[in-house]
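Q: need coordinates for the following:
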Amino acid sequence: MQITKEILEKYARVIVKTGANVQPGQCVNLAANVNQYAFATLVAEECYRAGAKKVNVEWSCDPLSKVHYLYQDTEVMSETLPWEIAKMEQNVKDLPVRMLIMSGDPDALADIAVEKLTAVGRARRQVAKPYRDATDGKEQWVIVALPSPVWAKKVFPDCSEDEAMQKLWDAILMTVRVDEENDPVADWKEHTDLMGAKANWLNQQKFKALHYTSANGTDFTVTLNPEAKWGAAREVNPVNGAYYIPNMPTEEVFTSPLAGSCEGTLVATKPLSYQSQLIEDFSITFAEGRAVSWQARKGEELIGQMVAMDENAAKLGEVALVPKESPVNRTGILFYNTLFDENACCHLALGAGFKELLPNGNDLSPEEALAHGVNDSIIHVDFMVGSEDLSIDGVKADGTLVPVFRNGTWA
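A: The predicted structure is shown next:
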């Protein structure tokens, strides 16, 4: 597909109107890479056309971030300055619509010591967490992506830069349902309605647990939270009633399991890109609800640092079901970007769960949500376990098994 101004405008419009669903009078915080200033301008203009009161833009730059890590001491980088705290306090007051345009280099910080990345990330997340908790579930947000030459070449290393960019553009636009002829708003409504129907079916089943099996060695049972509903694609801002779609693309039906209640081994079926490092060919074994052992051909030490980020990082916060016929999976591409890769197949997440899936969950503190079985952590890291032969059975309270997935798709 030729990337014309009309296509870019259509993409920007569906991001603002369908993804974020910006309402008149709202403030918008737009985060983008400096190499995407032109598209960020289109998105900002669409926000104003939708009635936004103000669009604040925060720029990122991968090479500059790497320079900071190379030359600043860990203690300096770990410090959150008063003006940064003031910004977070203002966000709690304004509850802006948050928009993120991802376009970075998957290997941007690959040469930085893992210990430094982990220390800085832990320190800054701990400071930011109370402010994130204060806005959680009370604001609209959306994450989308645009190709960049370095990302495109990572995904398509054997192509020229121009070819790689075109291929990545084609893949992204296909997965977000934007092309030259269609009405993406109508297509997204049809898609989210279908996913909502899947979530409703799961909610009606009232499964006690899910049991995963695959020939690759996955044999795993997770207890579901009886208070948490299944969600899918479209969410609602309880402050103003506006519907929004946090992730574009999205193919998952998800819930937060009962924190600290799972057993068995999960074998990952895709590499995990974490802190610009790849964890490959790995598995994680859980006992009494926690990750207790793991192995990986590459990046094994990263898993250990991940689950040690805080006391609940070794517990699960999300279970997500994605059929193998997902448009993301049909591309046949490893995107090296969790926004896409998690929407290719079934996945789970270590760390924080979603308190908004509880009745009146948005009114609960993280501590109260944890008391209701939704995990609380400073991390949320998705890893993919879907395979061509993955089977998932829903376990009823009386022990009856109901097929949910067979051969990697809905049963």
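Q: please enumerate the helices of the chain.
A: Remark: helices assigned in the chain by DSSP state H are 5-14, 37-49, 62-71, 74-78, 82-94, 114-135, 149-155, 161-175, 184-205, 300-307, 327-330, 338-341, 366-371.
Q: now mean neighbour count and distance to S214 too, for those helices, in a markdown table please.
A: C-beta: built from backbone N, CA, C; applies to glycine. Listed next are the helices of the chain as a markdown table, based on neighbours: other CB atoms under 10 Å; distance: least, CB to CB, whole Å:
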| stretch | mean neighbour count | distance to S214 |
| --- | --- | --- |
| helix 5-14 | 18 | 35 |
| helix 37-49 | 18 | 39 |
| helix 62-71 | 14 | 36 |
| helix 74-78 | 14 | 40 |
| helix 82-94 | 13 | 42 |
| helix 114-135 | 16 | 29 |
| helix 149-155 | 20 | 26 |
| helix 161-175 | 18 | 24 |
| helix 184-205 | 15 | 20 |
| helix 300-307 | 19 | 20 |
| helix 327-330 | 18 | 16 |
| helix 338-341 | 22 | 18 |
| helix 366-371 | 17 | 31 |
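Q: so can I have JSON lines of those helices showing mean pLDDT?
A: Output for these, formatted as JSON lines (pLDDT from 0 to 100):
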{"stretch": "helix 5-14", "mean pLDDT": "96"}
{"stretch": "helix 37-49", "mean pLDDT": "98"}
{"stretch": "helix 62-71", "mean pLDDT": "96"}
{"stretch": "helix 74-78", "mean pLDDT": "97"}
{"stretch": "helix 82-94", "mean pLDDT": "97"}
{"stretch": "helix 114-135", "mean pLDDT": "93"}
{"stretch": "helix 149-155", "mean pLDDT": "96"}
{"stretch": "helix 161-175", "mean pLDDT": "97"}
{"stretch": "helix 184-205", "mean pLDDT": "96"}
{"stretch": "helix 300-307", "mean pLDDT": "94"}
{"stretch": "helix 327-330", "mean pLDDT": "95"}
{"stretch": "helix 338-341", "mean pLDDT": "92"}
{"stretch": "helix 366-371", "mean pLDDT": "94"}
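Q: ok, I303 - contacts?
A: 279, 282, 284, 291, 294, 296 (CB atoms under 8 Å, 6 or more residues apart in numbering).
Q: nearest residue to the second one in space, please, no chain neighbours.
A: For F282, ignoring the flanking residues on the chain, the nearest one in space by CB to CB, 6 or more residues apart in numbering is A296 at 3.5 Å.
Q: I'd say that neighbour and I284 touch.
A: No - the pair A296 / I284 is not scored as a contact, 9.2 Å apart, by CB atoms under 8 Å.
Q: could you dump the helices of the chain into a markdown table with distance to A349 added?
A: A markdown table is the format used below for the helices of the chain (distance: least, CB to CB, whole Å):
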| stretch | distance to A349 |
| --- | --- |
| helix 5-14 | 26 |
| helix 37-49 | 27 |
| helix 62-71 | 24 |
| helix 74-78 | 25 |
| helix 82-94 | 24 |
| helix 114-135 | 15 |
| helix 149-155 | 23 |
| helix 161-175 | 20 |
| helix 184-205 | 17 |
| helix 300-307 | 11 |
| helix 327-330 | 17 |
| helix 338-341 | 10 |
| helix 366-371 | 16 |
